[in-house]
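**Q** build the 3D model from these lines:
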Amino acid sequence: MLRADVARVREAARGMRAEHKRHSVQPKWDVVRTQIKEPLSELRNRVTEELARRESRESLVPIDRDPVPTQFVEHVRRYYEELGRSR
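**A** Numbering: from 1, shown residues only. Next up is the predicted model:
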């Protein structure tokens with residue numbers, strides 16, 4: 001999905017550049033903003049979210065920071081490992 005969106009934005013930019021070279025006219029900046037800048041900003045946010053999601057998968061850190069009672073440490077560790085595997 002991300003690759004297809006990047007390809008679509010790239011093609012739009014390529015087309016605008018070709019049009020500029022062919023006719024030597026300034027680009028329509030409102031079109032550049034709506035078809036290139038805004039989609040690229042959204043893609044950047046999606047890539048950042050995806051990277052954060054993938055990196056957080058690797059860590060087995062519980063969300064709450066309260067210490068686990070010693071008799072349950074092994075159970076909690078296995079629990080979080082299972083959660084990580086199920087994704």
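**Q** what's the closest non-adjacent residue to the most centrally placed residue in the chain?
**A** By Cα atoms, centre = their mean, the chain has its centre lying nearest to residue 47, at 1.8 Å. Closest residue to residue 47 apart from its sequence neighbours, by Cβ to Cβ, 6 or more residues apart in numbering: residue 2 at 6.6 Å. The way it works is simple: take the backbone N, C-alpha and C, and place the C-beta from them, glycine included.
**Q** hang on, the residue nearest to the centre of the chain packs against residue 3?
**A** No. Using Cβ atoms under 8 Å, residue 47 is not in contact with residue 3; the gap is 10.8 Å.
**Q** and the residue in the chain sticking out farthest from the centre, how close does it get to residue 78?
**A** What lies farthest from the middle of the chain is residue 71; by Cα atoms, centre = their mean that is 39.3 Å. Between residue 71 and residue 78 the distance is 14 Å, computed by Cβ to Cβ, to the nearest Å.
**Q** please apply the same query to residue 37.
**A** On the measure of Cβ to Cβ, residue 37 and residue 78 end up 48 Å apart.
**Q** looking at the two, which one has more neighbours?
**A** The residue with more neighbours, out of residue 37 and residue 78, is residue 37; 13 against 10, by other Cβ atoms under 10 Å.
**Q** SS state for that one?
**A** Classification of residue 37 by DSSP: H, G, I helix; E, B strand; the rest coil places it in helix.
**Q** residue contacts, it?
**A** Contacts for residue 37 (Cβ atoms under 8 Å, 6 or more residues apart in numbering) come out as none.
**Q** burial count for residue 24?
**A** When neighbours are counted by other Cβ under 10 Å, residue 24 comes out with 7.
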